[in-house]
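*Asks:* Just the structure for this:
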Amino acid sequence: MDAATDGEEGRWMTYAELAAVRGIDRQSAARLSWRRHWRRQKDNHGTLRVFVPVEWQDGSQDASRDEPRDTTQDASRDISRVIKPLEEAIATLREQSERAITALKEQQEHERMELREQTDRERGRADAADRRADRAEARADALHDRLTAAEADRDRARAQAHTAQDELRQVEAEWRARGRWARLRAAWRGE
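*Replies:* Next comes the predicted model:
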């Protein structure tokens, strides 16, 4: 596929190879081939290749056609220059993500422990409140029992008072019914 077609000089390249040679990204290489109307064709493996004229095969479009250039060595140097910082960036990002994951796990564990402690405190408060409520309910029951007993005593005392009052009225009525001389005689005798 490296042979020129119709007398044109050039080389069939993938978008990735063109991007590496030109120092641009793959999408820019695809746009460049569309703008320049370069021929496109799939190879036997189904990879799309573009016929790139010689003047576009290095970093500038004004390159001389008479000077052949080994672009594979330049491309590999360019690729290694790009890959090394990317690998370093990936390693840095991996370390940062591991640190972030570790910090997040620690924070989640800390929050879980705080939540457990808070839950235990709240349970303790609820249990103490239940005990206080039970004691208050027991005191209320005892007071209610005492009140009931006091009301019963009051009712008995009222009944006794009414009985005593009735007896007193009856004695007084009998005393008045005796007459004056009989009362004096009874008083003198101590009856």
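
*Asks:* In the sheet, which strands lie alongside the lengthiest strand in the chain, parallel or antiparallel?
*Replies:* In the chain, ranked by residue count with DSSP state E as the criterion, the top strand is strand 48-53. According to DSSP bridges, strand 48-53 forms sheet pairs with strand 10-13 (antiparallel), strand 40-42 (antiparallel).

*Asks:* what's the spacing between the longest one and its chain's center?
*Replies:* Here strand 10-13 is found 56 Å from its chain centre; the criterion is Cα atoms, centre = their mean, to the nearest Å.

*Asks:* What residues of the very next helix or strand once past that strand count as buried?
*Replies:* Per DSSP states H and E, the first helix or strand lying C-terminal to strand 10-13 is helix 15-22. Neighbour-count burial for helix 15-22, counted by 16 or more other Cβ atoms under 10 Å, picks out 15, 17-22. Every residue, glycine included, has its C-beta placed from N, CA and C.

*Asks:* measure residue 39 to residue 48 for me?
*Replies:* 11 Å (Cβ to Cβ, to the nearest Å).

*Asks:* typed the wrong thing, it's residue 79
*Replies:* Using Cβ to Cβ, residue 79 is found at 20 Å from residue 48.

*Asks:* just to revisit the earlier point, looking at the strands paired with strand 48-53, which one is packed in the most?
*Replies:* Among these, ranked by average contacts under mean count of other Cβ atoms under 10 Å, first place goes to strand 10-13 (a mean of 21).
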